[in-house]
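Enquirer: Okay, predicted coordinates and the sequence, questions at the end:
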Amino acid sequence: MITANTTDDGAAVYLHQDGSWTPRLSEAHAIADEADCEAALKAARRQERHVCDPYSFRVVLGPEGPEATNTREQIRGSGPTTPLRQSAARPQPSA
Amino acid sequence: MYHYDAEDQRLVEERAAQFRGQVLRRLDGSITEDEFKPLRLQNGLYMQLHAYMLRVAIPYGLLSSAQLRKLAHIARTFDKGYAHFSTRQNVQYNWPKLADVPDILDQLASVQMHAIQTSGNCIRNTTSDHLAGVAPDELEDPRPYCELIRQWSTFHPEFAFLPRKFKIAVTGTPGDDRAAVRFHDIGIRIVEDPEGGDERGFEILVGGGLGRTPHIAKVIRSFLPYEDLLTYLESILRVYNRYGRRDNKYKARIKILVSELGIDEFRSQVETEWAEIREGGLKLLREEIDRVKTHFSPAPYRELQSRDLAALELRAQPGLRHFVRHNVFAHRVPGYCAVMVSLKAPGRPPGDASDTQMDVLADLADEFGFGHIVVTHTQNLVLPDVEQARVEALHAALAEHDLATPNAGLLTDSICCPGLDFCNLANARSIPVAIELSERFEAVDYLSDLGEVSLKISGCINACGHHHVGNIGILGIDKINEEAYQLMLGGAPGNDASIGKIVGRAFSRDEIVGAVHTVLEVYLAGRQGADERFIDYYRRVGMTPFKEALYGDHQAG
């Protein structure tokens, strides 16, 4: 699987079969062949206006499509596992 | 606090404008990521797992209420409504869009802030004691010297590309180091002249640090006259810049150079360099120090009688009682106190504050003080000048916004890095461990009974969570694609500095919180009364009872 972070906002994206990028790992293209993977990585690096520092990582094919096998990529694909501090409307002072 | 002059203001505005051009060129494809990366890093902009991260400098942790309101505004306008206070008195935004960063830098410049020196192999933001200027046991306010170091180091052309990043901390309270100076590349302690002279000076330590190879800094000069501060620092940096290793990132910090040369040889080289420049243009004039000191002149305190905070503690309701006991600190001015605002509420990521909370704190800093807020390296905020008579009212206002957790200095006041939930370098998550610990040990009576015990959690060996110097330290590691956690005991960052030792084999994510509980139970069962702190108990009995309780008959290792 080829992945990168977008230049615009740094979001994790994955290479689609048509050379475009998708934010969903399950929709991306799992590449079986090592040489094909290298070629896809080279092509991805040419898209450097859109993405930063592409690299490859291992996936397994699950019922919904490709799935990451390590914790780092699982978290990277699905977002932080911690609650983000919620902004709350500030109470207005009573009249 | 220090106010920019026209030159300071011009520098930060020009830097923001320069970065705007660099961002535009990156976005229109004129420059590549490889070309852009060093430029963005020089402006505090990192790439993390899910997004860019912008680290904003807070020199020696001191903020005005206007600056804190601006940080809240940026969080609300350009990020996800919160900010993260870091373990080096800085603040981080986890979700900025690249195109917005120049606007953020403009906003920061409008309140005399920036993101310079928050990344890269330069001299980073100088840190200090969070009770600087108000601690009753302080010899002298260290912040004017921090500010002089900031002015000397910002854009210093010789030190823009050091072998590695370089961190300096200064304390003015030699009797109680709250700035962990022994774990910095250079640690500076304001001290009396041992020869009995009228002028105070500095004890200079060098070669401390955490990370992969933790070192306690060594004294390179026991007394340095005040006027020689910058020439001596420059000499240390020159020797490091010349001989620090650039071939191996893991051996590039000054602690390795000092360790390999030995402190005596390193000192000799520094002194040789110093002899060349000591009388040069960097020699500090008393007038220049006094000029900077005027920015830190005493606040307009009222003449008040000191109140008996212990009496207030006794008659207060439980919430306020614990708050007064743990979060309220003595002040050098009668009738005043410093109040620690904990950003470690149960179930919350340590160090995070919402935009609303930041706005509230800015208002409270104006209402209950002189408009100042201090960021601590323990990821809390301090309101430094609160009238003792108004602590109860302040506590009530803080409690309305989940800011009155009475746990300063207790187990759940943990230091915690962002870990694998955000950080590109991390091996394991740290925030969920801190959250689970904060919920498991939420009972304030239990925490109070435990007393002073520090817990520090890092998601990798780089040690942003300072795990080496936690009384209890937790280090996240990657064990064949599984998160695992090493438990360390016996670390301490202050005058009794020590580096924690690994207890034994690592624990799984499911085991680590229970392991901490076991450690606490060993301590509670074995201590010689409530006055024996955890660290003192550990130093008395050593690792054995903890190992036996954690691993039983199994081999630890």
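Expert: Arrived safely, thanks for sending.

Enquirer: Tell me which residues touch the closest residue to residue B:246 other than its chain neighbours, please.
Expert: Spatially, and ignoring its direct neighbours in sequence, residue B:246 is nearest to residue B:163 (5.0 Å; Cβ to Cβ, 6 or more residues apart in numbering or on different chains). (Each C-beta comes from the backbone N, C-alpha and C, glycine too.) For residue B:163, the contact set (Cβ atoms under 8 Å, 6 or more residues apart in numbering or on different chains) comprises B:121, B:240-241, B:244-246, B:252-253.

Enquirer: Redo the residues you listed as CSV? Include secondary structure, pLDDT and neighbour count.
Expert: Putting the contacts of residue B:163 into CSV (DSSP: H, G, I helix; E, B strand; the rest coil; pLDDT from 0 to 100; neighbours: other Cβ atoms under 10 Å in any protein chain shown) gives the following:
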residue, secondary structure, pLDDT, neighbour count
B:121, coil, 95, 19
B:240, helix, 98, 26
B:241, helix, 98, 17
B:244, coil, 97, 20
B:245, coil, 96, 15
B:246, coil, 95, 14
B:252, coil, 97, 19
B:253, coil, 97, 28
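
Enquirer: Would you map the strands across chain A?
Expert: In chain A, the strands defined using DSSP state E lie at A:2-6, A:12-15, A:21-22, A:51-56, A:59-62, A:65-68.

Enquirer: wait, which of those is closest to residue B:385?
Expert: strand A:2-6 (43.5 Å; Cβ to Cβ).

Enquirer: Just checking: what are the partner strands of the closest one?
Expert: strand A:12-15 (antiparallel), strand A:51-56 (antiparallel) (DSSP bridges).

Enquirer: Residue B:149 is in contact with residue B:282, correct?
Expert: No: Residue B:282 is beyond contact range of residue B:149, at 11.4 Å (criterion: Cβ atoms under 8 Å).

Enquirer: Show me which of the two is the more surrounded one.
Expert: Legend: neighbour count by other Cβ atoms under 10 Å in any protein chain shown for residue B:282 and residue B:149, higher for residue B:149 (24 against 17).

Enquirer: circling back to that earlier point, quick check: neighbours shared by residue B:282 and residue B:149?
Expert: residue B:230.

Enquirer: ok, and which of the strands paired with strand A:2-6 has the densest surroundings?
Expert: Of all these, strand A:12-15 has the most neighbours on average by mean count of other Cβ atoms under 10 Å in any protein chain shown, namely a mean of 23.

Enquirer: Give me the residues contacting that strand.
Expert: Taking Cβ under 8 Å, 6+ apart as the rule, strand A:12-15 contacts A:1-6, A:21-25, A:27-29, A:40, A:44, A:51, A:54, A:66, A:76-77, B:49-50.

Enquirer: try it again with 6 Å
Expert: For strand A:12-15, contacts defined as Cβ atoms under 6 Å, 6 or more residues apart in numbering or on different chains pick out A:2-4, A:6, A:21-23, A:25, A:28, A:44, A:76.

Enquirer: Serialize the strands of chain A to TSV and add fields for mean pLDDT.
Expert: Formatted as TSV, these follow (pLDDT from 0 to 100):
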stretch	mean pLDDT
strand A:2-6	98
strand A:12-15	97
strand A:21-22	97
strand A:51-56	97
strand A:59-62	95
strand A:65-68	94
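
Enquirer: So for residue B:76, which of those sits nearest?
Expert: Nearest to residue B:76 among the strands of chain A is strand A:2-6; the distance by Cβ to Cβ comes to 23.2 Å.

Enquirer: Low-confidence ranges, chain A, go.
Expert: Within chain A, the segments meeting pLDDT under 70 span A:85-95.

Enquirer: and with 90 instead?
Expert: A:82-95 (pLDDT under 90).

Enquirer: can you map out the helices along it?
Expert: Assigned by DSSP state H, the helices in chain A fall at A:34-45, A:71-78.

Enquirer: what's the answer for the stretch 351-500 of chain B, then?
Expert: Secondary structure of the stretch 351-500 of chain B (DSSP state H, counting those that start in this stretch): helices at B:355-368, B:391-399, B:431-440, B:444-450.

Enquirer: can I get the ones you listed in CSV with mean pLDDT, mean neighbour count and distance to residue B:418?
Expert: Formatted as CSV, the helices of the stretch 351-500 of chain B follow (pLDDT from 0 to 100; neighbours: other Cβ atoms under 10 Å in any protein chain shown; distance: least, Cβ to Cβ, whole Å):
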stretch, mean pLDDT, mean neighbour count, distance to residue B:418
helix B:355-368, 98, 22, 18
helix B:391-399, 96, 18, 25
helix B:431-440, 96, 22, 7
helix B:444-450, 89, 16, 24
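
Enquirer: Make JSON lines out of these and add distance to chain A.
Expert: Listed next are the helices of the stretch 351-500 of chain B as JSON lines, based on distance: least, Cβ to the nearest Cβ, whole Å:
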{"stretch": "helix B:355-368", "distance to chain A": "5"}
{"stretch": "helix B:391-399", "distance to chain A": "11"}
{"stretch": "helix B:431-440", "distance to chain A": "4"}
{"stretch": "helix B:444-450", "distance to chain A": "22"}
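
Enquirer: want to try JSON lines for those helices, with distance to residue B:523 as columns?
Expert: JSON lines is the format used below for the helices of the stretch 351-500 of chain B (distance: least, Cβ to Cβ, whole Å):
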{"stretch": "helix B:355-368", "distance to residue B:523": "33"}
{"stretch": "helix B:391-399", "distance to residue B:523": "30"}
{"stretch": "helix B:431-440", "distance to residue B:523": "15"}
{"stretch": "helix B:444-450", "distance to residue B:523": "8"}
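
Enquirer: Which of those helices sits closest to residue B:330?
Expert: Using Cβ to Cβ, the helices of the stretch 351-500 of chain B put helix B:391-399 closest to residue B:330, at 12.5 Å.
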